[in-house]
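Asks: structure for the following, please:
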Amino acid sequence: MKPDLSKPFITVLITVLICGFAMFKSEANPRQKILFNFDWKFHRGEVKNGYIADFNDSAWRTLHLPHDWSIEDIPGTNSPIDSAAIGGINTGYYVGGTSWYRKTFEVAKDWSGKKLSVYFEGVYMNSEVWLNGQHLGNHPYGYTAFEYDITELVKTGEKNVIAVQVKNEGRNSRWYSGSGIYRHVWLNVTEPVCVKTWGVSITTPEVSKERATVNIQTQIKNETSENRSLQVVTRILKGSGIEIAKTQSSQQMNAATELSEIQSVQIESPELWSTENPNLYTAVIEIQDEKGKLLDLVEETFGIRSIEFSVEKGFLLNGVPTLLKGGCMHHDNGPLGAAAYDRAEERRVELMKASGFNAI
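Replies: The predicted structure follows:
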């Protein structure tokens, strides 16, 4: 009886395919998005020269983001509430003030030639940011994301220090706002030719049950000193991951410039987004050079739906009259304060939906 070699062959084949797929994924993602939440030093209160790189922060508290200091007990007390708080009853007598965050980190030597940026999803409020003692900028507003390019200031293979001063002072809210770096922080690493941050816009100008038009606008920047020939390849995936549409275009891009590429695809029999069935698609956008080498890859999820307001029928979603059942939801998570933990945010939406809401 001959031995059955099919099973070992299949096992080897699967192993090769898995390893090959893993290798492909590693090679195919020049963009890195690294969570920057861990091992920050924190000091509640003002300090002098807290931005200096060699400032001694060894006595400061170590914590992980997201963080809200206003929900924590005031130092020397067993309560976060102070009847003399500037915000008074509007902010529930919680206390803001000024505080500092610092983080020491290293950058790999093989990132030389890459573009690096630090991305803050939200800091409440009036933040000042420094890297290695150099001022990066100020972001006054507490509810929007912001980003700083740190390519020229970061030291590869050495220790770097980022310092953030946060000021929540004065009468600036009529609800609990929290204080601090209350959302995620990311370190982004890209090639000098890449898609800009917030650089993808997707619209669905024509929608029906039979077909939908999807327009994808991609903003690309070339931060090199050379002209580049580029290919912009966009694939549309269903929620299951199956590719259902693809478009590709060429662009000649001058050195140190930006451009906006607009592409359009048709989706047959689209799965429409609604509050009952929030179907989503994914646009996978690749930037390639003239030889097909991948320079950048970004993914954006979107829904296909139409919205309309009618005097006779009110608000229509996908042509269907829809009553908006909304609630005014502030951004804090009760005893967690304003710290935006992913699961807490998901749970709030689940509770709202389970209670019959379809809008916020």
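
Asks: what strand or helix carries residue 33?
Replies: Using DSSP states H and E, residue 33 sits in strand 32-35.

Asks: give the rounded mean pLDDT of that strand.
Replies: Across strand 32-35, the average pLDDT comes to 98.

Asks: elements contacting it?
Replies: When contacts are defined as 3 or more Cβ pairs under 8 Å, 6 or more residues apart in numbering; DSSP states H and E, strand 32-35 packs onto strand 185-190. From N, CA and C alone the C-beta is placed, and that goes for glycine too.

Asks: what's next to the strand holding residue 33, contact-wise?
Replies: 184, 185, 186, 187, 188, 189, 190 (Cβ atoms under 8 Å, 6 or more residues apart in numbering).

Asks: contact partners for the residue nearest the centre of the chain?
Replies: Centroid check for the chain by Cα atoms, centre = their mean gives residue 121 as the closest residue, at 6.5 Å. Neighbouring residues of residue 121 by Cβ under 8 Å, 6+ apart: 145, 183, 184, 185, 186, 340.

Asks: tell me how many other residues surround the second one.
Replies: Taking other Cβ atoms under 10 Å as the criterion, the count of residues near residue 183 is 22.

Asks: same question, the fifth one
Replies: A count of neighbours around residue 186, defined by other Cβ under 10 Å, yields 17.

Asks: relative to residue 42, how far out is it?
Replies: From residue 186 over to residue 42 the distance is 19 Å, taken as Cβ to Cβ, to the nearest Å.

Asks: and the first one, by the same measure?
Replies: Here the criterion is Cβ to Cβ. By it, residue 145 lies 21 Å from residue 42.

Asks: so between the two, which is more surrounded?
Replies: Shown here are residue 145 and residue 42; by other Cβ under 10 Å, residue 42 has more neighbours (21 against 15).

Asks: in what helix or strand does that one lie?
Replies: Using DSSP H and E, the element containing residue 42 is strand 40-44.

Asks: chain center to that strand: distance?
Replies: Centroid displacement of strand 40-44 relative to its chain, using Cα atoms, centre = their mean, to the nearest Å, is 23 Å.

Asks: now do that strand: which elements does it pack against?
Replies: Applying 3+ Cβ pairs under 8 Å, 6+ apart, one finds that strand 40-44 contacts strand 61-63, strand 97-106.

Asks: point out the most buried one among the ones you listed.
Replies: Mean neighbour count (mean count of other Cβ atoms under 10 Å) peaks for strand 97-106 among the helices and strands packed on strand 40-44, with a mean of 19.

Asks: circling back: average model confidence for the strand holding residue 42?
Replies: Throughout strand 40-44, pLDDT has a mean value of 98.

Asks: contacting residues around that strand?
Replies: Outside strand 40-44, the residues that touch it by Cβ under 8 Å, 6+ apart are 50, 57, 60-65, 67, 69, 72, 75, 97, 99-103, 181.

Asks: same question for stretch 124-133.
Replies: Residues from elsewhere that reach stretch 124-133 (Cβ under 8 Å, 6+ apart): 51-53, 118, 120, 135-143, 148, 150, 153-155, 160-169, 172, 177-182, 338.

Asks: now, of these, which are buried?
Replies: Among the contacts of stretch 124-133, those classed as buried by neighbour count (16 or more other Cβ atoms under 10 Å) are 51, 53, 118, 120, 136, 139, 142, 148, 150, 153-154, 160-168, 172, 177-182, 338.

Asks: mind checking which of those land in strands?
Replies: Judged by DSSP state E, those include 118, 120, 136, 139, 148, 160-168 as members of strands.

Asks: as a markdown table, those residues with distance to residue 290 and pLDDT would be great.
Replies: Listed next are these as a markdown table, based on distance: Cβ to Cβ, whole Å; pLDDT from 0 to 100:
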| residue | distance to residue 290 | pLDDT |
| --- | --- | --- |
| 118 | 32 | 98 |
| 120 | 36 | 99 |
| 136 | 35 | 98 |
| 139 | 38 | 98 |
| 148 | 32 | 98 |
| 160 | 35 | 98 |
| 161 | 40 | 98 |
| 162 | 37 | 98 |
| 163 | 42 | 99 |
| 164 | 41 | 99 |
| 165 | 46 | 98 |
| 166 | 46 | 98 |
| 167 | 49 | 98 |
| 168 | 50 | 96 |
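
Asks: can you list these in CSV and add distance to residue 84?
Replies: Shown next, in CSV, are those (distance: Cβ to Cβ, whole Å):
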residue, distance to residue 84
118, 36
120, 30
136, 34
139, 28
148, 36
160, 39
161, 35
162, 33
163, 29
164, 27
165, 23
166, 21
167, 18
168, 16
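
Asks: ok, residues contacting the lengthiest strand in the chain?
Replies: With residue count as the measure and DSSP E as the assignment, the chain has strand 193-207 as its longest strand. Applying Cβ under 8 Å, 6+ apart, the contact partners of strand 193-207 are 31, 115, 117, 119, 147, 188, 212-224, 228, 230, 253, 258, 270, 272, 283, 285, 287, 289, 295-296, 298, 300, 302, 304-306, 318.

Asks: how about stretch 97-104?
Replies: Contacts to stretch 97-104, defined as Cβ under 8 Å, 6+ apart, come from residues 36, 39-47, 50, 55, 57, 60, 67, 69, 159-169, 179-181.

Asks: at 7 Å what do you get?
Replies: Under the criterion Cβ atoms under 7 Å, 6 or more residues apart in numbering, residues 39-47, 50, 57, 69, 159, 161-169, 179-181 lie in contact with stretch 97-104.
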